[in-house]
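Student: coordinates for the following, if possible.
(3 chains)
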Amino acid sequence: MTHSASILLSVVSDSFLRPMGSIADAQREHLIRVVLLTLIAVGPVFIAAPLILWRYRRGNAQAAYRPKWNSNKLLESLMWGVPMLVITLLGITLWRMTHTLDPYRSLSTDPIRLQVIGLDWKWVFLYPDEGVATVDELIVPTGRAVSMHLTTDTVMQSFRVSALIGQVYAMPGMVTEIHLIAAEDGEMRGMNTQFSGLEFWKQKFEVHAREPNDFAHVMDQARNSGLSLTPEVYALLAEQGTADEARPNLGVSKDTPLRFALPDKDLFMRVVARYHTGKPVNAPSQPGSPSYQPSCAVPPPADAPLYMPMSTHD
Amino acid sequence: MTDTLTGNLTWDSIMIVKAIKDPNFNTIITANAAAMIPVGTVLIFAILTWTKYWKKLFSEWITTTDHKKLGIMYVIFAMIMLFRGVVEGTLMRINQAGALDGGMLSSDHFNQLFTTHGTTMIFFVAMPLIIGLMNFVVPLQIGARDVAYPVLNQISFWLTAAGGSLITISLLIGEFSTGGWSNYPPYTGKVINPGVGPDYWLLAVGLSGIGSTLTGVNFSLTIYKLRAKGMRFMRMPLFVWTSLCTSILLIFAMPPLTASIIMLGLDRYLGFHFFTNDLGGNMMSYANLFWMFGHPEVYILILPAFGVMSEISATYAAKSLYGYKSIVAATMCIAVLSFTVWLHHFFTMGQSATINAAFGIATLLIAIPTGVKIYDWLATLFRGRIRFTTPIIYLSGFFILFTIGGLSGIVLANPTIDFQVHNSLFLVAHFHNVIIPGTLFGMLAGIHYWFPKSFGFRLLESYGRVTAMLWIIGFCLTFFPLYPLGLMGMTRRTVDYMDPAYQPYMFVAGAGALCLSAAFVGLLLTIWRSIVHRKELAVPLGDPWDGRTLEWWTPSPAPEWNYAVLPEVDAIDAFTLAKERGTAYAPVDKYTDITLPPSRYYGFIVGLLAATMGFAIVWYIWWLAIASLTGIVITVIVYGYLPQCGHVIPASELAEADESWRRRARAERGISRDEETAVSNQGLACPDLIPTP
Amino acid sequence: MTTTKSNYPGLNLGAAHGDDHEAAETAIFGFWIFLMSDIVTFGMFFAVYVTSALNTAGGPGPKDLFSLTSVAWQTGFLLVSSVTSGLAVLNLKHEHSQSQSPRKWLVFWLLVSVLLGIGFLQQEVRDFIDIAHKGGVPSRSAWLSAFWSLVGMHGLHVSVGSLWCLVIVMGVLAQGVIQRWKHAIMSWAVFWHFLDLVWIGIFTIVFLRGLV
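Tutor: Sure, this is the predicted structure:
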């Protein structure tokens, strides 16, 4: 519980109503724009309904009564026309914003590359260019674009950092993408939003946006932490449970952040490749299954014969 | 290991045994819920024996093929399941009110609760309610004696009941799925979830899904072919139009669900790889298949409610429906468009921006006809003389609340925003916001409206209005707090949470849930007290509301044969026209014998065998599964050979019943709308005012 | 030239059948509507098949498993049985406006259609066993799962259709060519043609496309 409490004390933002990056900011503005536009079409209902219900109640003898009046060309054109107009405007802004804020759209030519593996019930972040891995802790340099490739090793999950970008699904054997950029230093929270089992509600992680020097310092620290995310350690980590519950298995004390050196830059692709060897992944080898055994679940070697990993992107 | 005789069943599968072996808060709640099943069954059997109702139960209800009785049975079934659904929802809300850093329910219990809550409410409350209302009303409104295939209709009901029995028995024996009402693999695949839960879901939803598909076939055929003479398409009442569109949606939308269930079943039982992680399985196919069903499904849920709104706004404002052609066109647009939007349920699954945007725009388009309909109902009330009956209170709540739900739908239609609020409480708030003020209010309004036609007496207005207010207030308290919570980032399906900022909202939502429970009790009280006072509330002459459409042109309760002589129409609102011309209760020249469909055990046997087969498949009791399936095949074949003679109602009996009704209607004084809720309302209407030009 | 109004799609019984022709309107139209739902079900299996077409996961593919000869035989069986079912319905229309007319040709053509259907099924089962022996079991890959379920779903429909036809034949022999059997034969014939149509889809999308 102390780990989650520490998230709480330092969280600055958990929501796009308090955006910490340009994308979340744009999403917030879009929300306001959409609501205001739609109010043009629905506002009349909020006003007209109480008025009509009151004025034309049976007790009100002064109100006109036209029992056979059932059509009027002007009213018809307004009823169909105004919503059509509003929807057209909404449609135009939807098309533009969806393309502008496409999670797959790269934000710069020189992003920092990150990889994300969702497990039951923790997130593993790999920084292959830095040779670092962290668990339940996403550390990004402020002001620099981050390009993330995501997968999971259990079931369908959804990776979300509200303050920065929103979410994207992550699926076993497949790779999805999302790009983000933090505008200011700060603490945020991210989580899995796609139900994945008993402790799904605990599958949250801290997001630290640090200025580049700080970021480099943290990376350095991780490389020298004494912990190393080898495939065998990864298989242990993949056992069901939260990061807190994994600490004893890894010999890490309760409050130490889970930061590892990453000796194998191909670990991410090996995890994806687990599902493309042409051999079945039975229950003991499948992280997340009740009969999972870490010894049966070391990801296949980088040179194992494979079939193309699937991207969900068209 | 799997035993040949009893499959995977063990004593520990029974929830009561489990609670005895391992008593804790969660197992005890579960055991109590489970105990309701044997206790309830014994109680019902006892009451039936004590009142000596067994014979009548079988001859009048279990073997009936009469659409009116089947409609009533669907609604009663839905009410029983609504009790369970409300309890589950209330439990979840109360848990979450106190769930900061750990609530009263275990994660496993909560996960089953949200799954059974969603599954029960959609498949075993909302669907039976709308199908029940369609069953009762449509043949009457088109001036027919029954549906095209009465026996198929019966089979549909018993298949739905079979599915319901499976989700009910899962309370007592075994457990239910924890994968949500959409049951996504690979979480619900064999590797991650080898237990019986997902199998119960597959069989319960699959069986009732087949029943619903057959209903779609039956009702679209009925509306196409059995309309009264002169009732052209553009003279049909709006409820019939929406039932027609709903039936077409059922025909096209249920098969994807059946297909996805078969495929997931093959994955779980025979090791296929449709949706598995390995060997080429693709879980995205499940998402596509399920939502290809799931989106039209929600339009199946809402269109009949829209139909009810059309009927009651015209009737209770004593005015003809505004914009008939527009509403019909809008209904058909909604039906067609509903097939083009399914991807908006998984914008976040990694599609390209162009695909997401295309489906987003398609989703926006549906808002246009929906908006038109709301304007049209307001225009119907405009310059009318509105009576604030219970149905109109539901309609009033609907106008404001459903529109807010539509607004949140437009917000969600934008992939940009959906990336933030997908799977959050904002989404939960949105869909409850359209289902409760939409479907539920529509169905409750419809029940109040057509209750006198089914049972011969009105429901008490006093109780009805209070109950309606409780539903409205309860809904607002429970679900409006979820909007800000979703925007603040709170995710759905979470048993507990860690952010204290959520708690005040959760308290309000918890209080709201208690209000909704009170509303449900109010519903039961309304029905009970009305039964007690049924003599004062009786409206035997059949037209308590000064109705406009054909169903009011019969006595109440509607006789077995619906119409002694099938009506002929020459306009919309044919009954109102007849009343204006003074020919509504004129004597009839000639009565002829009519033959009504026979009572059959067919549907009941098929349902019973289907439920048994489902249970056997869940527990791997293969001999029983094969025996039940064989039994179903044999039943179908045997009934194929049995003579199809119905029972004949002789012309003399028709003449006697019909003439006495018409005579009394001609003789008595009709009441004005001022006396609508008085004892003097015997179901005969005097036109309200002379309409001014 | 006088033509009887056509009450529903396909071959109509005609005015000579009196009430049976009138009543057939609802019955056959209803069956067409049911077939709409069946088309969608098959459509879903086709869609999943097409999206799984490349997911052989290193296992055997169409070229390793399919035998075009066998498929040609199956197609032949089904197409001919469609023709004979048509002959049965023509016989029904022209020879059976009274239930007392001799039934032997009607029964003959119906039985021939069933036999051909069973021939199709037998060939298909042999095919499946053969494919399984070569390692093409449905649990090997997503493509194989989709193949077995799509083709199997069609085979299940043909089995049900064959059983249905036998039920009809026994009914006709025991009770004569009364209204219910006339409607049953017309519905069954539409069903049988529909299965032929689905087979052409399978033949093209599964077998031909797989082998190209």
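Student: partner residues bridging whichever residue of the stretch 151-300 of chain A sits closest to chain B?
Tutor: Nearest residue of the stretch 151-300 of chain A to chain B (Cβ to the nearest Cβ) works out as residue A:166 at 3.0 Å. For the C-beta atoms, the positions are set from N, CA and C on the backbone; glycine is no exception. Going by DSSP bridges, residue A:166 is paired in beta bridges with residue A:161.
Student: that one: neighbouring residues, count only.
Tutor: Other residues near residue A:166 come to 28 when the count uses other Cβ atoms under 10 Å in any protein chain shown.
Student: how close does residue A:298 get to residue A:226?
Tutor: Applying Cβ to Cβ, to the nearest Å, the value for residue A:298 to residue A:226 is 21 Å.
Student: which ones are touching the residue of the stretch 151-300 of chain A closest to chain B?
Tutor: A:16, A:23, A:24, A:27, A:103, A:160, B:348, B:416, B:419, B:420 (Cβ atoms under 8 Å, 6 or more residues apart in numbering or on different chains).
Student: ok but the third one is inside a helix, no?
Tutor: It refers to residue A:24. Yes: assessed by DSSP: H, G, I helix; E, B strand; the rest coil, residue A:24 belongs to a helix.
Student: that one contacts residue A:162, doesn't it?
Tutor: Yes: Residue A:24 lies in contact with residue A:162 (Cβ atoms under 8 Å); the separation is 6.8 Å.
Student: which residue does the stretch 101-250 of chain B have closest to chain A?
Tutor: residue B:187 (4.2 Å).
Student: now that residue. Nearest residue, chain neighbours left out?
Tutor: residue A:155 (4.2 Å; Cβ to Cβ, 6 or more residues apart in numbering or on different chains).
Student: what backbone torsions are found at that neighbour?
Tutor: Per-residue torsions, residue A:155: phi -130, psi -180 (degrees, to the nearest 10).
Student: and the helices in chain C?
Tutor: For chain C, the helices defined by DSSP state H occupy C:19-51, C:62-65, C:68-95, C:104-133, C:142-175, C:179-202, C:209-211.
Student: quick check, residue A:150 in contact with residue A:170.
Tutor: Yes: using Cβ under 8 Å, residue A:150 is in contact with residue A:170, at 4.0 Å.
Student: any common contacting residues for the two?
Tutor: Common neighbours of residue A:150 and residue A:170, using Cβ under 8 Å, 6+ apart, are A:116, A:118, A:159, A:176.
Student: give the buried residues for stretch C:89-103.
Tutor: By 16 or more other Cβ atoms under 10 Å in any protein chain shown, the buried positions in stretch C:89-103 come out as C:89, C:91, C:92, C:93, C:96, C:97, C:103.
Student: I'd like the residues you listed as CSV, with distance to residue B:172 appended.
Tutor: Formatted as CSV, the buried residues of stretch C:89-103 follow (distance: Cβ to Cβ, whole Å):
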residue, distance to residue B:172
C:89, 51
C:91, 56
C:92, 52
C:93, 55
C:96, 54
C:97, 58
C:103, 53
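Student: need those in a markdown table (columns: distance to chain A).
Tutor: Formatted as a markdown table, the buried residues of stretch C:89-103 follow (distance: Cβ to the nearest Cβ, whole Å):
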| residue | distance to chain A |
| --- | --- |
| C:89 | 47 |
| C:91 | 53 |
| C:92 | 50 |
| C:93 | 48 |
| C:96 | 52 |
| C:97 | 50 |
| C:103 | 55 |
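Student: quick one: low-confidence ranges for the stretch 1-150 of chain A?
Tutor: By pLDDT under 70, the weakly predicted segments of the stretch 1-150 of chain A are A:1-12.
Student: tell me where it has strands.
Tutor: Under the criterion DSSP state E, counting those that start in this stretch, the stretch 1-150 of chain A contains strands at A:112-119, A:122-127, A:132-135, A:137-141, A:145-152.
Student: so is the fourth one next to chain B?
Tutor: No: shown here: strand A:137-141 not in contact with chain B (Cβ under 8 Å from any Cβ of the partner chain), separated by at least 15.5 Å.
Student: span of stretch A:288-302 from start to end?
Tutor: By Cα to Cα, to the nearest Å, the extent of stretch A:288-302 from end to end equals 23 Å.
Student: what residues of whichever helix or strand residue B:577 is part of count as buried?
Tutor: Counting by DSSP states H and E, the element that carries residue B:577 is helix B:574-581. Within helix B:574-581, the residues scored as buried using 16+ other Cβ under 10 Å are B:574, B:575, B:576, B:578, B:579.
Student: what's in contact with that helix?
Tutor: So helix B:574-581 is in contact with B:231, B:235, B:320, B:543, B:546-550, B:552-553, B:567, B:570-571, B:584, B:685, B:687, going by Cβ under 8 Å, 6+ apart.
Student: which of those count as buried?
Tutor: Those of the contacts of helix B:574-581 that meet the buried threshold are B:231, B:235, B:320, B:543, B:546-550, B:552-553, B:567, B:584, B:685, by 16+ other Cβ under 10 Å.
Student: and the next helix or strand past the helix holding residue B:577?
Tutor: Downstream of helix B:574-581, the next assigned helix or strand under DSSP H and E is strand B:594-596.
Student: list the buried ones in that following strand?
Tutor: Across strand B:594-596, burial judged by 16+ other Cβ under 10 Å covers B:594, B:596.
Student: off-centre distance for stretch B:286-300?
Tutor: What separates the centre of stretch B:286-300 from the centre of its chain is 17 Å, taken as Cα atoms, centre = their mean, to the nearest Å.
Student: ok, now how distant is the residue nearest to residue B:193 when sequence neighbours are not counted from residue A:186?
Tutor: Leaving aside its chain neighbours, residue B:193 sits nearest to residue B:187 (6.4 Å; criterion: Cβ to Cβ, 6+ apart). Per Cβ to Cβ, residue B:187 is found 33 Å from residue A:186.
Student: ok, now residue C:69?
Tutor: On the measure of Cβ to Cβ, residue C:69 and residue A:186 end up 70 Å apart.
Student: more neighbours: which of those two?
Tutor: Of the pair residue C:69 and residue A:186, residue A:186 is the one with more neighbours under other Cβ under 10 Å, namely 19 against 9.
Student: contacting residues around that one?
Tutor: Residue A:186 sits next to A:12, A:13, A:20, A:163, A:209 when contact means Cβ under 8 Å, 6+ apart.
Student: identify the bridge partners of the last one.
Tutor: With DSSP bridges applied, residue A:209 shows beta-bridge pairing to residue A:140, residue A:186.
Student: state the pLDDT value of residue C:4.
Tutor: With respect to pLDDT, residue C:4 scores 61.
Student: likewise for residue C:7?
Tutor: Predicted confidence (pLDDT) for residue C:7: 79.
Student: show the pLDDT at the residue nearest to it when sequence neighbours are not counted.
Tutor: Of all residues not flanking residue C:7 in the chain, residue C:25 sits nearest, at 3.9 Å (Cβ to Cβ, 6+ apart). Per-residue confidence (pLDDT) for residue C:25: 90.
Student: for residue C:25, list the residues it contacts.
Tutor: Per Cβ under 8 Å, 6+ apart, neighbours of residue C:25: B:225, C:7, C:8.
Student: find the nearest non-adjacent residue to the first one, please.
Tutor: What sits nearest to residue B:225 in space, not counting adjacent residues and going by Cβ to Cβ, 6+ apart, is residue C:26, at 4.7 Å.
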